[in-house]
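Student: Predicted model and sequence below, questions to follow.
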Amino acid sequence: MEEEKSEYFKNILIKEREKIVKIIEGIDKSWSKNIRESIGNHTGYATHMADLATDSDEREKDTYMLEREFKNLKAHDQALKRIYTQSYGICSKCGKEITEERLRTIPHTDLCINCKRNEERINYNNRKI
Ligand SMILES: [Zn+2]
């Protein structure tokens, strides 16, 4: 990939990465706030099972979001690494170039559309079994 283009995608990836870090920080803040509040609320006789259930639902949702964002963060880190090692935009499975159109839609992808489709088909088949 030409330097100009990889520079373009590098900037996108860095910006996206910053956004993800902010989201993670946001979850982290609301998490510690929730824990403080639930400790405050649930001391003494005022403990209601319904409140506890809501808390754990929230916690589960946060955990799910955190996992997703950390995966996302990792994908961006890897994409940036590929830019520095000049393998960005090349499919990690078949070694062919990933189309620019696809990279514009999903800048952190490391698979060309064909390999991605194959992967999805395999996942889908596995689920059926
Ligand atoms: Zn491929």
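Tutor: Sure thing, it's come through. Residues are numbered from 1 along each chain as shown.
Student: Enumerate the residues of the protein near the ion.
Tutor: Proximity of the chain to the ion is confined to 91, 93-94, 112, 115 under the rule Cβ under 5 Å from the ion. C-beta coordinates here come from the backbone N, C-alpha and C atoms, glycine included.
Student: For my notes, please list these in a markdown table and give pLDDT for each entry.
Tutor: Formatted as a markdown table, the entries for the residues of the chain next to the ion read as follows, by pLDDT from 0 to 100:
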| residue | pLDDT |
| --- | --- |
| 91 | 97 |
| 93 | 96 |
| 94 | 98 |
| 112 | 97 |
| 115 | 97 |
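Student: Return the members of those residues classed as buried.
Tutor: For the residues of the chain next to the ion, a neighbour count by 16 or more other Cβ atoms under 10 Å gives the buried set as 91, 112, 115.
Student: distance of the second one from residue 106?
Tutor: Put plainly, it is residue 112. 11 Å (Cβ to Cβ, to the nearest Å).
Student: again, but for the first one
Tutor: With distances taken as Cβ to Cβ, residue 91 is found 13 Å from residue 106.
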